[in-house]
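# whatever this is, show me its structure:
(2 chains)
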Amino acid sequence: MVKIEVLGTGCAKCKSLAKNVEKAVEEAEVEAEIVKVESLQEIMNRGVMMTPALFIDGEAVAVGRAPSVAEIKSLLKKR
Amino acid sequence: MNLEVFLPPLEAGFEALMEYLSAHVLTCLIPAFFIAGAIAALLQREAVLKYFGKDAPKWLCYSVASTSGTVLAVCSCTILPMFAGIHRRGAGIGPATAFLFAGPAINLLAVVLTARVLGLDLGAARVVAAVSMSVVIGLLMAAIFERGSVEAEETATCVSPAAAAEEEDGRPDYIPPLFVGLLVGVLLAATSGLPLMHKAVLVSILVLASAWLLNAYFSEMEKSSFFEETWWLTKRIFPLLLAGTFITGIIGYFLPVDLIKLVFGTSDFVACFVASVIGALLYMPTLLEVPIVGTMFGYSSGTMAPGPALALLLAGPSMSLPNMIVIWRIIGSRKASVYIALVVLLSTLMGMIYGTMAS
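Numbers count the residues shown, from 1 in each chain, chains lettered A, B, ... in the order given. As a prediction, this is how the structure comes out:
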């Protein structure tokens, strides 16, 4: 079970990242828990200053950009 | 039912729309979207963040805060997290508010469109006024609220792992900025006053050079993310701009010219003040401040004077009701109300100064 977190305050970019993640998880057929972190306080606590950010199993894999479905899939495969 | 009642306002809307779809606007917008895409996808924007640390020299901090919006603020959603981040990481309230104000005001797409549609002088005034105002606001905020020590919470900053990995691919550091520079060259050449033939040749050379650079130095992943980013921005901003322009055209039709002339016809205190208050409260989607000033309030047709036009452009994009609420929550009601008052008053002042200079 992989824990995927999407950090973002709800802007358009963050929503498109969340969508990409859902699609990647479905296509890669991995079991994953997708969490959306929307509180600015929590995002700050992670040290993220540019949203959206993507965390996989507590580790930052992308900050300040929304990776594509293909990229997220390859990140998931590395696990 | 008399259909003819609806025709004139619709016509006004279409007229406004056609003005923005004309070749001279498109030649500036298309390269600008590519530049914004390249900045978002290819530049290591995180590098800027190190200037906001506790130990960074003050002058450097303020200069970066007031100008980095050009490259950082492509998506308005990055502004607020970065504002909160700068505030908490020790740079303090001064640089944080400077960034918060200048970011959206000098965003590249907005500046390009302002200069193209409303004139180079107003475009330049917008940049100069926004940058200098942001420093003044930052310094005042710091002077009012930061007596004595600054309590900073030291949090480690997350740097994008992909950005860190890029350093190993052996590409010289100057390549991505050079690529963006070439795209800026395309924009300048396409909007210049050169004869058509010269212009076509120059633009083609620059486009070919940037295509070659992109091919030679960037990975497949970067290339596709550059195009995706450009397309994403275009898709999000362009339809909104067109719909908004159409609507501002229609609203402009119904606004009585005499009233606008009465309120905004000169660059005196009342005109600039009313313009900045309207700008501060009204939520304007990216770029829409340009048709609002140009068409709705009739700056382009000479109804609105330069002073209130600039005041509205300054207070408008940086502030709206929804983001006032977020700011309120991050820095508290006292600081937020001082910040808002400063923005409105300084926008008014800048408008008055520009109004005097322009007439």
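
# in the one helix or strand A:Val25 maps to, what's buried?
A:Val25 is located in helix A:12-28, with elements delineated by DSSP states H and E. Counting neighbours by 16 or more other C-beta atoms under 10 Å in any protein chain shown, one finds that the buried residues in helix A:12-28 are A:Lys13, A:Cys14, A:Lys15, A:Ser16, A:Leu17, A:Ala18, A:Asn20, A:Val21, A:Glu22, A:Ala24, A:Val25, A:Ala28. Every residue, glycine included, has its C-beta placed from N, CA and C.

# out of the residues you listed, who's near chain B?
Taking C-beta under 8 Å from any C-beta of the partner chain, the overlap between the buried residues of helix A:12-28 and the neighbourhood of chain B is A:Lys13, A:Cys14, A:Ser16.

# take those and lay them out in a markdown table including pLDDT.
Below are those laid out as a markdown table (pLDDT from 0 to 100):
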| residue | pLDDT |
| --- | --- |
| A:Lys13 | 80 |
| A:Cys14 | 84 |
| A:Ser16 | 86 |
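
# so where is the chain shaky, pLDDT-wise?
Since you didn't name a chain, this refers to chain A. Judged against pLDDT under 70, chain A has no low-scoring part.

# try chain B instead
Residues of chain B that meet the cut-off, pLDDT under 70, sit at B:1-2, B:46, B:53-54, B:71-78, B:90, B:147-170.

# quick check on the residue most central in space within it: phi, psi?
Note on chain B: the residue nearest the mean C-alpha position is B:Asn107, at 2.7 Å, using C-alpha atoms, centre = their mean. Backbone torsions of B:Asn107, given as degrees, to the nearest 10, read phi -50, psi 130.

# follow-up on the earlier one: and which of the ones next to chain B among the buried residues of helix A:12-28 is nearest B:Asp121?
Nearest to B:Asp121 among those is A:Lys13, at 33.7 Å by C-beta to C-beta.

# is it correct that that closest one is in contact with A:Ala62?
No - using C-beta atoms under 8 Å, A:Lys13 makes no contact with A:Ala62, being 11.4 Å away.

# what touches both of these two?
A:Pro52 (C-beta atoms under 8 Å, 6 or more residues apart in numbering or on different chains).

# now look at stretch B:17-33 and say if it contacts chain A.
No - taking C-beta under 8 Å from any C-beta as the criterion, stretch B:17-33 and chain A are apart, separated by no less than 15.6 Å.

# what's in contact with that stretch?
Applying C-beta under 8 Å, 6+ apart, the contact partners of stretch B:17-33 are B:108-109, B:112-113, B:115-117, B:183, B:186-187, B:190-191, B:230, B:233-234, B:237-238, B:241-242, B:245-246, B:249, B:291, B:295.

# cool, and stretch B:111-130?
B:19-20, B:24-25, B:28-29, B:32, B:70, B:101-102, B:105-106, B:187, B:191, B:287, B:290-291, B:293-294, B:299-300, B:306, B:309-310, B:313-314, B:318, B:350, B:354, B:358.

# with just CA atoms, put it into PDB.
Coordinates of the C-alpha atoms in stretch B:111-130 are reproduced here as PDB (Å, rounded to 0.1, in the frame of the first residue of the first chain):
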ATOM      1  CA  VAL B 111       2.700  43.300 -18.300                       C
ATOM      2  CA  VAL B 112       2.900  42.300 -22.000                       C
ATOM      3  CA  LEU B 113      -0.800  42.600 -22.500                       C
ATOM      4  CA  THR B 114      -1.000  46.000 -20.700                       C
ATOM      5  CA  ALA B 115       1.800  47.400 -22.800                       C
ATOM      6  CA  ARG B 116       0.300  46.100 -26.000                       C
ATOM      7  CA  VAL B 117      -3.300  47.000 -25.500                       C
ATOM      8  CA  LEU B 118      -3.100  50.100 -23.300                       C
ATOM      9  CA  GLY B 119       0.100  51.500 -24.500                       C
ATOM     10  CA  LEU B 120       3.800  51.100 -23.700                       C
ATOM     11  CA  ASP B 121       3.800  54.100 -21.300                       C
ATOM     12  CA  LEU B 122       1.100  52.700 -19.100                       C
ATOM     13  CA  GLY B 123       2.700  49.200 -19.300                       C
ATOM     14  CA  ALA B 124       6.100  50.600 -18.200                       C
ATOM     15  CA  ALA B 125       4.400  52.800 -15.500                       C
ATOM     16  CA  ARG B 126       2.700  49.700 -14.200                       C
ATOM     17  CA  VAL B 127       6.000  47.800 -13.700                       C
ATOM     18  CA  VAL B 128       7.900  50.700 -12.200                       C
ATOM     19  CA  ALA B 129       5.100  51.700  -9.900                       C
ATOM     20  CA  ALA B 130       4.400  48.100  -8.800                       C
END
